[in-house]
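S.K.: Quick one, structure for this:
(one chain, ligands or ions: 3)
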Amino acid sequence: MIVHHISEENSILNKFISEIRDKNIQKDSLRFRRNIERIGEILGYELSKKLSYTSFYVETPLGKKKQQLSYNNIVLCSILRAGLPLHQGLLNYFDDAENAFISAFRKHTKNSNDFEIVVEYFASPKIEGKTLFIADPMLATGQSLVAVYEAIKKNGIPKELHIVSVIGSKEGIAFIEKHFPKNTHLWIATIDDNLNDKGYIVPGLGDAGDLAFGEKL
Ligand SMILES: O=P(O)(O)OC[C@H]1O[C@H](OP(=O)(O)OP(=O)(O)O)[C@H](O)[C@@H]1O
Ligand SMILES: O=c1cc[nH]c(=O)[nH]1
Ligand SMILES: [Mg+2]
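M.R.: Ligands and ions are numbered 1, 2, ... in the order given. Model prediction:
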């Protein structure tokens with residue numbers, strides 16, 4: 001896997017990351033969603049540098065100019081729920097991408113911190129031979145991404161695969177590296193050292209789905 005750790009280089013991205021982490025600022029769910037969306041735009045811009053380009057001429061009112069444009073057939077697949085604002089950020093830039101949505105939730109074993117990932121819903125166009133982006137802001141244990149990819153593969157194998165995420169744990173990244181093809185790109189805004197016994201990223205930000213959309217039962 002090729003890991004692109006975008007906040008290694010200082011930029012305005014740091015502000016958006018610190019606002020989603022901040023325990024007071026993150027309570028403003030509108031700002032939280034918008035910050036995830038803005039991070040999606042930045043990660044999308046970085047990712048766009050690795051797409052395939054071809055030249056074409058654009059006609060202005062005064063003449064013609066040669067331009068390089070990407071020609072990838074992009075399918076943007078996001079993991080519900082927390083993936084939705086990240087999806088919107090990517091779609092703001094890749095506005096002609098096809099879209100897919102997949103659900104994944106942690107089903108806990110009674111009285112334990114153990115869980116399995118349940119994938120129930122998957123709505124998708126054809127994926128075979130296309131450029132697939134999988135978006136999820138949190139890469140904690142990595143189990144959701146791996147379970148989701150197993151389900152997606154039944155629908156076709158993409159030619160190129162880009163995982164887009166906001167906060168990842170070192171452990172989760174090591175886990176997905178074992179399960180995704182070697183040429184998969186991971187575009188990640190920031191990486192944390194630890195996971196707690198509930199599989200939450202520390203320091204992380206808490207529960208991204210709840211912060212964006214409210215607590216679920
Ligand atoms: O790497 P993992 O250990 O699998 O954890 C990460 C998953 O947890 C979060 O979703 P969550 O299950 O909280 O669902 P939600 O988006 O509905 O809140 C997050 O959006 C990922 O999908
Ligand atoms: O740290 C974590 C782990 C899973 N899901 C989240 O939203 N945050
Ligand atoms: Mg959640």
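S.K.: Spatially nearest residue to residue 118 (excluding sequence neighbours)?
M.R.: Closest residue in space to residue 118, ignoring its immediate chain neighbours: residue 107 at 4.9 Å, by CB to CB, 6 or more residues apart in numbering. Any C-beta I mention is one placed from the backbone N, CA and C, and that applies to glycine too.
S.K.: How much space separates that neighbour from residue 184?
M.R.: Distance of residue 107 to residue 184, given as CB to CB, to the nearest Å: 26 Å.
S.K.: Could you do residue 155 as well?
M.R.: From residue 155 over to residue 184 (counting by CB to CB), the distance is 17 Å.
S.K.: Residue 195 now?
M.R.: Residue 195 is 21 Å from residue 184, by CB to CB.
S.K.: and what of residue 58?
M.R.: 33 Å.
S.K.: Looking at those two, which has the bigger crowd around it?
M.R.: For residue 58 versus residue 184, the count of surrounding residues by other CB atoms under 10 Å is larger for residue 184: 20 against 10.
S.K.: thought the more buried one was touching residue 164?
M.R.: No - applying CB atoms under 8 Å as the test, residue 184 and residue 164 come out as separate, 11.4 Å apart.
S.K.: Need the three-state assignment for residue 186.
M.R.: strand (DSSP: H, G, I helix; E, B strand; the rest coil).
S.K.: quick one: it and residue 116, what's the gap?
M.R.: From residue 186 to residue 116 the distance is 23 Å (CB to CB).
S.K.: Among those two, which residue is more densely surrounded?
M.R.: Just comparing residue 186 and residue 116: by other CB under 10 Å the higher neighbour count belongs to residue 186, 23 against 11.
S.K.: Now do the contacts for that one.
M.R.: 1, 2, 3, 4, 162, 163, 165, 168, 173, 176 (CB atoms under 8 Å, 6 or more residues apart in numbering).
S.K.: Out of the residues you listed, flag the one nearest to ligand 2.
M.R.: Of all the contacts of residue 186, ligand 2 sits closest to residue 168, with 9.9 Å by CB to the nearest ligand atom.
S.K.: Skip the chain neighbours and tell me the closest residue to that closest one.
M.R.: Residue 168 sits nearest to residue 139 (CB to CB, 6+ apart), 3.8 Å away.
S.K.: Equivalent analysis for residue 102, please.
M.R.: Of all residues not flanking residue 102 in the chain, residue 122 sits nearest, at 4.7 Å (CB to CB, 6+ apart).
S.K.: I'm done for today, thanks for sticking with me.
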